[in-house]
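Engineer: sequence-free structure coming up:
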């Protein structure tokens, strides 16, 4: 039996309900083996974003001896019997997306602050890459954001970006750093999933004002009706507006072991962030164009796109390798098996019929692992004594984050 862990996010979710789950699934039999309540992020009630934001279960990373699972501001590590080994959180690290356990380090993407972090397994910050600094060496992007913080302030955690009251999100999340992979030569590829310019930032500020005034749901309802009339199709991205006044870019940046920075891939005309880098056995790389529901297969040294395969009209996010030939992908509440040789979808498995639930990440569960607890939230409280993630963060605020 081949089992997989799948993290999900639920949009438009009341505070009384889970904002996402962690699933254990048997892909061969199309069976959900377990659905676990997640540890909810702190300050969830302060986030007006109905589509995602702080909600849900985020990145997963698996080693033979431990698993790391993130929400938007904390990474939790477990042994194969799901005993809690520890957790990592830092004031400068928020809007966590993909994570990676590698050797004795934990890499964490922070979309809220446009930073890639590397921690040791005790939670100490080792180093970071602020992509706003990288931007100055990537002039062809025509992206010149101001630096949010200097390196020392990032290290010190001088602003707690986990708390949405401390900053304006539209001024911070300008690149949406959301995925990373390490290549055999030691290079790091980073997904800047949604690089926005000044015009887009202004529109985001207007949108935030509409959300605060309660107008945005009406705009979305009118938009959905117009989409049905114009395009007459289902499963369209519900954030795709009929009128699109500004576009964004999705970019993959390579940082070599000596610190040299270069562009690997640039995708234009994005309506939604691109996601989920994955290195294949031949060292080529997969990247998911979520706007078009397309799997991009490219060569990281030359940037050549080897193939571009349309697989869905849904929200494409989450990828892992099944074999040299097959990939497992997430789209809305489905898992999709793609044959990358023939560029055909060969299997689909619906794990959730909730129209507001969407796969975030998917990773294989090793055979030596038990199924996760039915409630990771209750397990966390019983293990640590903390009532919730907010209690943990409030306690750690009194300690030196570095």
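Structural biologist: Yep, it's here. Please read all numbers here as calculations on a predicted model, not as lab measurements.
Engineer: what's the neighbour count on residue 266?
Structural biologist: The tally of other residues near residue 266 (other Cβ atoms under 10 Å) stands at 16. The C-beta positions use only the backbone N, C-alpha and C, and glycine is treated the same way.
Engineer: got it, and residue 342?
Structural biologist: Look at residue 342: counted by other Cβ under 10 Å, it has 10 neighbours.
Engineer: From residue 325, how far off is it?
Structural biologist: Residue 342 sits at a distance of 9 Å from residue 325 (criterion: Cβ to Cβ, to the nearest Å).
Engineer: same check, this time on residue 168
Structural biologist: Distance from residue 168 to residue 325, counting by Cβ to Cβ: 46 Å.
Engineer: mind checking how far the helix or strand where residue 277 lies is from the chain centre?
Structural biologist: Taking DSSP states H and E as the criterion, residue 277 maps to strand 275-279. Chain-centre distance of strand 275-279: 10 Å, with Cα atoms, centre = their mean, to the nearest Å.
Engineer: Mind listing the strands it pairs with, and their directions?
Structural biologist: strand 285-289 (antiparallel) (DSSP bridges).
Engineer: Parallel or antiparallel, which strands does the helix or strand following the strand it pairs with pair with?
Structural biologist: Next in sequence after strand 285-289, counting helices and strands by DSSP H and E, comes strand 294-298. Next to strand 294-298 in the sheet, as set by DSSP bridges, lie strand 285-289 (antiparallel), strand 305-310 (antiparallel).
Engineer: Could you list the buried residues of strand 294-298?
Structural biologist: 294, 295, 296, 297, 298 (16 or more other Cβ atoms under 10 Å).
Engineer: ok, now stretch 299-319?
Structural biologist: Buried residues in stretch 299-319 (16+ other Cβ under 10 Å): 300, 309, 311, 312, 313, 314, 315, 316, 317, 318, 319.
Engineer: With secondary structure added, can I get those in TSV?
Structural biologist: Below are the buried residues of stretch 299-319 laid out as TSV (DSSP: H, G, I helix; E, B strand; the rest coil):
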residue	secondary structure
300	coil
309	strand
311	coil
312	coil
313	coil
314	coil
315	coil
316	strand
317	strand
318	strand
319	strand
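Engineer: And the furthest pair within the residues you listed?
Structural biologist: Pairwise distances among the buried residues of stretch 299-319 were taken by Cβ to Cβ; the largest, 27.9 Å, belongs to 300 and 313.
Engineer: Tell me which residue is most central in this structure.
Structural biologist: Residue closest to the average C-alpha location in the chain (Cα atoms, centre = their mean): residue 97, at 3.0 Å.
Engineer: residues touching it, list them.
Structural biologist: Contacts for residue 97 (Cβ atoms under 8 Å, 6 or more residues apart in numbering) come out as 58, 59, 70, 109, 110, 111, 176, 177, 178, 179, 193, 275.
Engineer: Could you rerun that using 7 Å?
Structural biologist: Neighbouring residues of residue 97 by Cβ atoms under 7 Å, 6 or more residues apart in numbering: 58, 59, 109, 111, 178, 179.
Engineer: residues making contact with the helix or strand harbouring the fifth one?
Structural biologist: According to DSSP H and E, residue 178 maps onto strand 177-182. The set of residues external to strand 177-182 that reach it, using Cβ under 7 Å, 6+ apart, is 97-98, 100, 102, 107, 109-111, 114-116, 131, 188-193, 273, 275-279, 285.
Engineer: nearest spatial neighbour of residue 114, skipping sequence neighbours?
Structural biologist: Excluding the flanking residues, the one nearest residue 114 by Cβ to Cβ, 6 or more residues apart in numbering is residue 175, at 4.5 Å.
Engineer: scratch that, residue 108
Structural biologist: Once flanking residues are discounted, residue 108 sits nearest to residue 117: 4.6 Å by Cβ to Cβ, 6+ apart.
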